[in-house]
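Peer 1: requesting a structural model of the entry that follows:
(2 chains)
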Protein chains: 2
Amino acid sequence: MSVTAAKGFTAAGIAAGIKENGNPDLALVVNNGPRLAAAGVFTSNRVKAAPVLWSEQVLKGGLVSAVILNSGGANACTGPKGFQDTHATAEKVAETLGLNAGEVAVASTGLIGVTLPMDKLLPGVEQAAGELSEHGGEKAAIAIKTTDSVHKTAVVSSENGWTVGGMAKGAGMLAPGLATMLVVLTTDADLDSAALDKALRDATRTTFDRVDSDGCMSTNDTVLLLASGASQVAPGYDEFAEAVRAVCADLARQLIGDAEGASKDIRIEVINAASEDDAVEVGRSIARNNLLKCAIHGEDPNWGRVLSAIGTTSAAFDPNQLNVAINGVWVCRNGSVGEDRDLVDMRYREVAITADLAAGTAEPVVIWANDLTADYVHENSAYSS
Amino acid sequence: MSVTAAKGFTAAGIAAGIKENGNPDLALVVNNGPRLAAAGVFTSNRVKAAPVLWSEQVLKGGLVSAVILNSGGANACTGPKGFQDTHATAEKVAETLGLNAGEVAVASTGLIGVTLPMDKLLPGVEQAAGELSEHGGEKAAIAIKTTDSVHKTAVVSSENGWTVGGMAKGAGMLAPGLATMLVVLTTDADLDSAALDKALRDATRTTFDRVDSDGCMSTNDTVLLLASGASQVAPGYDEFAEAVRAVCADLARQLIGDAEGASKDIRIEVINAASEDDAVEVGRSIARNNLLKCAIHGEDPNWGRVLSAIGTTSAAFDPNQLNVAINGVWVCRNGSVGEDRDLVDMRYREVAITADLAAGTAEPVVIWANDLTADYVHENSAYSS
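Peer 2: Residues are numbered from 1 along each chain as shown, chains lettered A, B, ... in the order given. The predicted structure follows:
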């Protein structure tokens, strides 16, 4: 159901010919109102793709009537021509659907440094507009895939008559602030853009921003939340924010589960930190340690590499009080050898690492990561050639 | 010649049985004076191995009469027992050679979280002492190898009658502040520990601290510089510092050239930064980008991943003025497509990336890194099992 689970939205996904292999590569999501409220969160990479620069401006107005997304090319590092192409794409959507181009968000994903084939993309907009449907969410989710092996969607419906649904793509360059991913969330809840913005930022902070597949931050990350108001229900903030968080958490978990070349999904929980910031810093440092990621791939409970990663942070801790559990076995106690590492069962895809900083009472923080595999190397050494 | 190139030093390298495969695993370096001046630089990881904690204290006195180094076990994260073992090792060296234990530095390398077999190490100290020789530098360099495929030594001799020589080990966990490496440098120059300390810090800052093989910082890094004064020549600071820098640069380059599983050595030069700190931050960010490291492995001049890495830093730059050359071809100009990427020849082991920030006049900074390969994954997923 994806982006068309909520009332008031239509979507389409088509093959415009942007991808040379003929796979679907263009998605269109339209908000039919009555509201056109929207919020967005974008990459914190300072090298931003043209569609990010464009959509950041669109979102400042708090109104989005349509989102056009393409795979097959990131339109990043493409200079003035790239920005003109993004602008022309928004204009084409606006012209085709009778909208204001200033309310059309654009998102792109694919290889950096290559301009888009506009001779294929622009006719594709017309085709997508002709195929818009209340059942088009699935096709839209499929059309934004790059190296994703599956498309990702999630839906939460409230018993009070409103829904939050969404789609995501992303399989590499997944790292905080955000992952390389495009996400469009829709809701028929009747809320203004300020409420959407707060709910979206609260949600991404603890979901997409805590996914770290390979430590690489994209130039194109875009997460949008559009509200149609079509349910005519205005939920309370907490209930709505929790629904948005749940959909984001679901999609974030799907992204980690489909990361390029990965054979393990690593759930890193940092407990008893002095502060949430400390816990996040430690979690990310563990998540990015290549040697540890290799060890997990080899089903080796190499807790020394966890301690080594913790030691590079500025978080508060005493090295002699650190404890580390892998899949529930406390292999490191008080900074030294703990329970027998042979007790750790690492046969399954999900691996849980718990790092106990014994430094305070902050709430636990969870960072999701992947292992490092020969398949990851292979996939990423051949991507553009 | 290694640590015995300079006059006044003897060394030995033996197989004490610490390594189960019977390879050499214990090295001893002795300063026979007349001076016993020394300086040391250690890992900035906050989780420090027992020998690092011990040797940091020894070096505070500025006098080192002997260094005992073992491979086959890092003695890190081994609790109070680990520190007692380091202490006992220093005492054994002191007792055997008639020295003060407070002037015996200890260094260890190998797996974290495993205690050393003292029943083999202590008799090994006696054996090594019995084999000390003015020609023992090569054997000492061999005995500190872990996953190193070759031993590493370097020597610079001044026409004014003094010499700086050294040995290094390290093939993984190579990242700034320092690499996972043990380095012992010796000189017969007649200088005090203050001069040695300044020369060593100046040298490591631009050599070992600018090597980043895999982004992983060790718990055991130790770089020592010992002066015997045996040449009876007191060189000027600049001349001496340059010799120390040259030996460190030579050894650092050898470390990168022998990094685990690597197929490429990547020389990342950052030019026209606003400050040296900016240049170092950008160089390290590029050095640690797994996607770029995979691309280099695949001989793919994927400059988009260079820009993406630059974009995650806080350095001063305008995204639209960034230029990137790979092996001399400016594939990115003004943040966009530059010269034809097909002109880039990447068949050779050394790959040069130049990142022009166009933001200032800081001196160029060079960071050395390696590519990311399936062999790296294989070697590090099987290391402890």
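
Peer 1: domain ranges for chain A, per the record?
Peer 2: Taking automatic domain parsing as the domain assignment, the ranges for chain A are A:2-257, A:265-381.

Peer 1: would you turn the ones you listed into CSV with distance to B:S314?
Peer 2: Bear in mind the C-beta positions are built from the backbone N, C-alpha and C, glycine included. Putting the domains of chain A into CSV (distance: least, C-beta to C-beta, whole Å) gives the following:
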stretch, distance to B:S314
domain A:2-257, 9
domain A:265-381, 16
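
Peer 1: strands paired with the lowest-mean-pLDDT helix or strand in chain A, and their directions?
Peer 2: For chain A, the helix or strand with the lowest mean confidence is strand A:211-212, at a mean of 76 (criterion: mean pLDDT, DSSP states H and E). Strand A:211-212 has the following strand partners under DSSP bridges: strand A:365-370 (parallel).

Peer 1: what's the first helix or strand after the strand it pairs with?
Peer 2: Counting by DSSP states H and E, the next helix or strand C-terminal to strand A:365-370 is helix A:374-381.

Peer 1: quick revisit: adding mean neighbour count, write the domains of chain A out as TSV.
Peer 2: Output for those, formatted as TSV (neighbours: other C-beta atoms under 10 Å in any protein chain shown):
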stretch	mean neighbour count
domain A:2-257	22
domain A:265-381	21
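
Peer 1: angle of the longest helix belonging to chain A against strand A:365-370?
Peer 2: What stands out as the longest helix in chain A, according to DSSP state H, is helix A:237-257. Going by axes from the mean of the first three to the mean of the last three C-alpha atoms, to 10 degrees, helix A:237-257 is angled at 30 degrees with respect to strand A:365-370.

Peer 1: quick one: mean pLDDT for helix A:237-257?
Peer 2: Mean pLDDT, computed over helix A:237-257, is 90.

Peer 1: now it, how far from the chain's geometric center?
Peer 2: Taking C-alpha atoms, centre = their mean, to the nearest Å, the mean C-alpha location of helix A:237-257 is offset from the chain mean by 10 Å.

Peer 1: let me see the mean pLDDT of the very next helix or strand once past that helix.
Peer 2: Reading on from helix A:237-257 to the C-terminus, the next helix or strand found by DSSP H and E is strand A:265-271. Mean per-residue pLDDT for strand A:265-271: 95.

Peer 1: following element in sequence after strand A:265-271, please.
Peer 2: helix A:276-287.

Peer 1: now the closest residue to chain B within the stretch 151-300 of chain A. Nearest residue, chain neighbours left out?
Peer 2: Ranking the residues of the stretch 151-300 of chain A by distance to chain B (C-beta to the nearest C-beta) places A:G298 first, at 2.9 Å. Distances taken as C-beta to C-beta, 6 or more residues apart in numbering or on different chains put B:S381 closest to A:G298, at 2.9 Å, once the chain neighbours are dropped.

Peer 1: the one you found and A:L292 touch, don't they?
Peer 2: No. If you go by C-beta atoms under 8 Å, B:S381 and A:L292 don't touch, sitting 10.3 Å apart.

Peer 1: which bits of the stretch 201-350 of chain A sit near chain B?
Peer 2: Residues of the stretch 201-350 of chain A lying close to chain B by C-beta under 8 Å from any C-beta of the partner chain are A:214-219, A:288-291, A:294-295, A:297-300, A:302-305, A:307-313, A:317, A:319-320, A:322, A:332, A:334-337.

Peer 1: can you list which of the residues you listed are found in helices?
Peer 2: Going by DSSP H, the helices hold A:N290, A:L291, A:C294, A:A295, A:H297, A:W303, A:G304, A:R305, A:L307, A:S308, A:A309, A:I310 from these.

Peer 1: how about A:L357, what does it touch?
Peer 2: A:270-274, A:278-279, A:282, A:310, A:315-317, A:322 (C-beta atoms under 8 Å, 6 or more residues apart in numbering or on different chains).

Peer 1: can you tell me which of those residues is closest to A:Q232?
Peer 2: Of all the contacts of A:L357, A:A279 has the smallest distance to A:Q232: 40.7 Å, by C-beta to C-beta.

Peer 1: remind me which residues of the stretch 101-250 of chain A are low pLDDT?
Peer 2: Applying pLDDT under 70 to the stretch 101-250 of chain A flags residues A:171-180, A:213-217.

Peer 1: mind running it again at 80?
Peer 2: Low-confidence segments of the stretch 101-250 of chain A (pLDDT under 80): A:147, A:171-180, A:211-220.
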